[in-house]
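# fold the following and give me the result.
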Amino acid sequence: MTKYALVGDVGGSNVRLALCEIETGIITQTKIFSTLQYDTLEKVIRCYLHQQQKDIQDGCIAIACPIKNDWVEMTNHNWAFSIHQMKDNLGFSHLEIINDFTAVSMAIPMLSKKDVTQFGGKVPMQGKPIAIYGAGTGLGVSYLVQVDRRWISLPGEGGHVDFAPNSKEETDILEILRSELGHVSAERILSGSGLVNLYRAIVKSQGRNPKILKPKDVTKYALNSSCIDCHKALMLFCIIMGRFGGNLALNLGTFGGVYIAGGIVPRFIDFFKSSGFRTAFEDKGRFRNYLVDIPVYMIMHSNPGLLGAGTHLRQKLGHILL
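Alright, predicted model coming up:
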C-alpha cells in the first residue's frame, strides 16, 4: 500500500496542502485554502486531512518566515503556534516546519529539464554548491550543498543585505529611497514593492512627480511600452537581479548553478531573456571568468515549495536522494 505524508506551503494569503508519496516523492491532491477563512493553520490541516481520508503520520510544512525554535510566528499573517504542540494535536510521528526557501532549495534535486529554463552558462558541476533566490513579496535567498550523500539547505535572510548601487543612476535612486525608507536593502529593490520603488525613484530623480502604481501596473506599462519610466524600472530590475545573483555565486562558489524561484520574473519571462540580466550576472571585473560558465535557471515548476517540503521530509525519514 502506498504511504503518504502531508506537505504544505504557507503564505500570507493562501495555504497549499498536498499528499507526497514517501517512496517516490510524487505530489498529488493539491488543494488551496485562504488563510482568512481559518483561525489557525491546524484547522486548515484538519480540514484537508478530513477530505483525504487517509492515515497520515508524517508532515512537512514550509512557511514564509524565519524558523528558529519551537514557536513559529508568521511574518505576513497573525498565525502563531508551537511545532511540538501541533504535532501532538495532529497525532503525527514527524512534523517538520521549515522556511519557504528551504523548501524551494530542497526541490532542486527533484526538478527535471522541463521544470527549468536556462539563462546562459554551461552545465552545472556535480557536488558543487547551488544558490537559490527569488523576488516576490520579498526577496528570498538560500543555498544547497551536498554532504555525505545528503542535501543540506542553508537558509538565511540574504534579501536584507544592503543594496549596492553600481552607477550614477543607481546612486541617485539609493539616495531617494534612503530618504524615504532609511536602510535600503536589496529586497527594497528586488520585490513587488521594490519594482514600484524603482519606478518612483527614477521619476523623482528627474524632478517629476510619480503616479501611484501597483507592481502589476509597472510591469504592464513596461511590457506594452506605454510608459518609458516603467520600462526603465523593469529593465533596471532585471539588471540588479543579475548582479545580485552574481554576488550569491561569488559568495559560495556555486558552480552547481544558480536558481531563480518564481514570484515576479515568470510574468515577464521574454522581457527578462532579452534584458541585461546575464551580462550583469557576469559583470564582476577581474572575476568575470569565474562566473561565465555558471548556469542560471528559472524554476518553472508550479509548486516547488510542496515538492521541496516532500524532499526534505523524505530525506529526514531516511531516503537517499542522490
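
# skipping its backbone neighbours, what lies nearest Ile299 in space?
Of all residues not flanking Ile299 in the chain, Ala261 sits nearest, at 5.3 Å (CB to CB, 6 or more residues apart in numbering). Just so you know, the C-beta spots here come from the backbone N, C-alpha and C atoms, and that holds for glycine as well.

# got the domain boundaries for this protein?
Following the TED database, one gets these domains for the chain: 4-101+303-317, 116-300.

# so which of those domains gets nearest Ala107?
domain 4-101+303-317 (3.4 Å; CB to CB).

# roughly how far out does that closest one sit from the chain middle?
Relative to its chain's centre, domain 4-101+303-317 lies at 17 Å (CA atoms, centre = their mean, to the nearest Å).

# same question for stretch 169-185.
How far stretch 169-185 lies from its chain's middle: 24 Å, per CA atoms, centre = their mean.

# which of the residues in it are buried?
Neighbour counts over stretch 169-185 (16 or more other CB atoms under 10 Å) mark 170, 172-174, 176-177, 184-185 as buried.

# check stretch 274-288 too.
275-278, 280-284.

# for it, what is the average pLDDT?
When pLDDT is averaged over stretch 274-288, the result is 96.

# please apply the same query to stretch 43-58.
96.

# dump the residue contacts of the residue nearest to Ile299.
Contact analysis of Ala261 by CB atoms under 8 Å, 6 or more residues apart in numbering lists 101, 104, 132-134, 136, 140, 299, 304.

# swap in Leu19?
Residues near Leu19 by CB under 8 Å, 6+ apart: 4-7, 27-29, 52, 54, 56.

# helix/strand/coil for it?
Under DSSP: H, G, I helix; E, B strand; the rest coil, the three-state class of Leu19 is strand.

# quickly list what it is bridged to.
Leu6, Thr28 (DSSP bridges).

# distance of it relative to Lys43?
Applying CB to CB, to the nearest Å, the value for Leu19 to Lys43 is 19 Å.

# can you list the contacts of Leu19 in a markdown table and add distance to Arg267 and neighbour count?
Output for the contacts of Leu19, formatted as a markdown table (distance: CB to CB, whole Å; neighbours: other CB atoms under 10 Å):
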| residue | distance to Arg267 | neighbour count |
| --- | --- | --- |
| Tyr4 | 33 | 22 |
| Ala5 | 32 | 25 |
| Leu6 | 30 | 25 |
| Val7 | 25 | 31 |
| Ile27 | 23 | 20 |
| Thr28 | 27 | 11 |
| Gln29 | 27 | 13 |
| Gln52 | 32 | 16 |
| Lys54 | 36 | 12 |
| Ile56 | 35 | 19 |
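
# good, we can wrap up now.
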